[in-house]
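J.: the following block contains a protein sequence and its predicted model.
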Amino acid sequence: MTENEIAKIVVDCALKIHSALGPGLLESVYEEILAYELIKRGLQIERQQPIGVIYDNLKMDIGFRADIIVCDKLIIEIKSIERIAPVHPKQLLTYIRLKDIKLGLLINFNVALIKDGISRIVNNL
């Protein structure tokens, strides 16, 4: 399955969740339910996966935690905030570069229309 095929499933799940629950819940709630929906659709996921960072001779076992990694091909960063800050897409781009993944989805569930809360972040895709 390609990154784009996986992304289509993720977006479909996000739409289903947002239609059922709406905005305003905690990020952890959306993460739990999105993980549940992705597993139901047969996708392999990892939640809160620690990702190491190597800088010079320093190796950090946990530089950040990815909210959800799908099939080792896509990182999902979940937000439930009033507005995405300019730093959020940049953070996700750094995450997908460090993990050597080509696609990330930044999903902000705290919007009136979920299509307005989804951003694709690419790394040489």
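T.: Cool, got the structure. Note that this is a predicted model, so its numbers are computed, not measured.

J.: excluding its backbone neighbours, what's nearest the residue sitting nearest the centre point of the chain?
T.: Nearest residue to the geometric centre of the chain (Cα atoms, centre = their mean): Ile76, 0.9 Å. Spatially, and ignoring its direct neighbours in sequence, Ile76 is nearest to Ile68 (4.2 Å; Cβ to Cβ, 6 or more residues apart in numbering). All C-beta spots, glycine's among them, are computed from the backbone N, C-alpha and C.

J.: the one you found pairs with what?
T.: Arg47, Ile76 (DSSP bridges).

J.: show me the contacts for it.
T.: 31, 34-35, 38, 45-47, 75-76, 78 (Cβ atoms under 8 Å, 6 or more residues apart in numbering).

J.: going by neighbour count, which of those residues comes out on top?
T.: With neighbours defined as other Cβ atoms under 10 Å, the most crowded of these is Ile76; it has 28 neighbours.
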